[in-house]
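Participant: need a 3D model of the sequence below.
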Amino acid sequence: GVLAAETVQTVPPWFPKAPSLPPPRGETIRASTADGLLAASDRIGPGGTILLADGHYRLPRVMVLAGKRNITMRSASGDPTKVILSGKGWDGGVKQDDIVHIARCDGVTIADLTFADCRSYGIKVEAENAPSDIHIYNCRFRDIGVRAIKGSAGRDPNVRAVNGSVRYCHFENTKIPPADWLFGGDYIAAIDMMALDDWTFSDNLFRNIKGRNGGGRAAIFIWVRSRRVVVQRNVIVNCDRGVAFGNPGRSTANIAGEQPVYVSNGVIRNNFISGGPDCGIELWYADRIRVCNNSIWRPDRNWRRGIRIGAGTTRTEIINNLVHGEI
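Facilitator: Residues are numbered from 1 along each chain as shown. Here you go, the predicted model:
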């Protein structure tokens, strides 16, 4: 399925623009081809920056960042629309088609780039490898078949991805998964991350993140041993779900017999969420969450799905929200 072209709209004029990053310091490697980019990602040293020339980089394999310290990968122009990294394609038939993996790293900034046209993950942050200071800034994600940004987790309850952010990014799909993909075409989200500690998701725009049957996962879905997560000032339009801390199911990262606490000490504030068949904001197995100052518009037929408080949610405040719909 393809969404009608008129659903793809420009960014609202009042939406904040990303401040430009300062000029790079330290080692700089310039890349202008996919092979050159992969070589640069292997070679870049601590404190270095990879600058990508304008163009379309069709990566023949996933780029794996491991053991890197304080590196940056960004477009030379600062314009994310002019530098596109893509995989084998939404319809390429390669189920493990990812663009970038971030493993055991201490300091990675990915900025001013577009990630497009891959079957599985745009950027995967591997919390099981304890990365820290991971920042995704002013990037665009378009037509990523499963997760634009995926955060995986292991079973060790003490290992997390620490101190990160996704800011000033835009997520948009023009396609809907076919029925023979996972869960009848509903296994799709923009951000789905686990085992986070001290992360912020702010000033992002999400449009048309949809499953085939209206059962897509949330535009921002955080779960499994995450804590100190802030979701603020995001605009979410025509996505199946808005923001979810936790879900009613279990993950392979859950430990047998443990009572799940999917997100603790989190904040969901000042978000605008409009349209979509399912919930604006939902909480499951969440502890000490503040949900405040959000504006949520449910279509009349989905009136009951404004804010949903699910099982296992404790010590939580839901205050000062404007909701067209029910709680």
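Participant: which SSE is I209 in?
Facilitator: Counting by DSSP states H and E, no helix or strand carries I209.
Participant: without its sequence neighbours, what residue ends up closest to it?
Facilitator: Nearest residue to I209, sequence neighbours excluded (CB to CB, 6 or more residues apart in numbering): C239, at 4.2 Å. For every residue, glycine as well, the C-beta is placed using N, CA and C.
Participant: ok, the one you found touching K210?
Facilitator: Yes: counting by CB atoms under 8 Å, C239 touches K210, with 6.7 Å between them.
Participant: so for the two, which sits in the more crowded spot?
Facilitator: The neighbour count for C239 versus K210, taken as other CB atoms under 10 Å, is higher for C239 (31 against 25).
Participant: shared neighbours of C239 and K210, anything?
Facilitator: G216 (CB atoms under 8 Å, 6 or more residues apart in numbering).
Participant: model confidence score at R298, please.
Facilitator: Looking at R298, its pLDDT is 85.
Participant: leaving out the residues flanking it, which one is nearest to it?
Facilitator: Nearest residue to R298, sequence neighbours excluded (CB to CB, 6+ apart): G325, at 3.2 Å.
Participant: confidence score at the one you found?
Facilitator: 89.
Participant: how close does it get to A161?
Facilitator: 33 Å (CB to CB, to the nearest Å).
Participant: likewise for F183?
Facilitator: According to CB to CB, F183 stands 25 Å off from A161.
Participant: what does whichever helix in the chain runs longest rub up against?
Facilitator: Of all segments of type helix in the chain, defined using DSSP state H, the longest is helix 34-43. Helix 34-43 is contacted by residues 29, 31, 50, 52, 57-61, 63-65, 73, 85 when judged by CB under 8 Å, 6+ apart.
Participant: most neighbours, which of those?
Facilitator: M73 (27 neighbours).
Participant: name the element the most centrally placed residue in the chain belongs to?
Facilitator: What sits nearest the mean C-alpha location of the chain, by CA atoms, centre = their mean, is I191, with 2.7 Å. Counting by DSSP H and E, the element that carries I191 is strand 189-194.
Participant: for whichever helix or strand comes after that strand, name the packing helices and strands.
Facilitator: Next helix or strand after strand 189-194 toward the C-terminus (DSSP H and E): strand 196-202. The contact analysis (3 or more CB pairs under 8 Å, 6 or more residues apart in numbering; DSSP states H and E) places strand 196-202 against strand 161-167, strand 218-223, strand 226-232.
Participant: recalculate using a threshold of 6 Å.
Facilitator: Judged by 3 or more CB pairs under 6 Å, 6 or more residues apart in numbering; DSSP states H and E, strand 196-202 is in contact with strand 161-167, strand 226-232.
Participant: now the strand or helix carrying V108 and strand 161-167, what's the angle there?
Facilitator: Using DSSP H and E, V108 sits within strand 106-111. Using axes from the mean of the first three to the mean of the last three CA atoms, to 10 degrees, the inter-axis angle of strand 106-111 relative to strand 161-167 is 10 degrees.
Participant: name the next helix or strand following strand 106-111 along the chain.
Facilitator: strand 114-118.
Participant: neighbours of the residue nearest to N70 when sequence neighbours are not counted, how many?
Facilitator: Residue nearest to N70 in three dimensions, not counting chain neighbours: G107, with 3.7 Å by CB to CB, 6+ apart. Look at G107: counted by other CB under 10 Å, it has 17 neighbours.
Participant: same deal with C279?
Facilitator: Number of residues near C279 (other CB under 10 Å) recorded here: 24.
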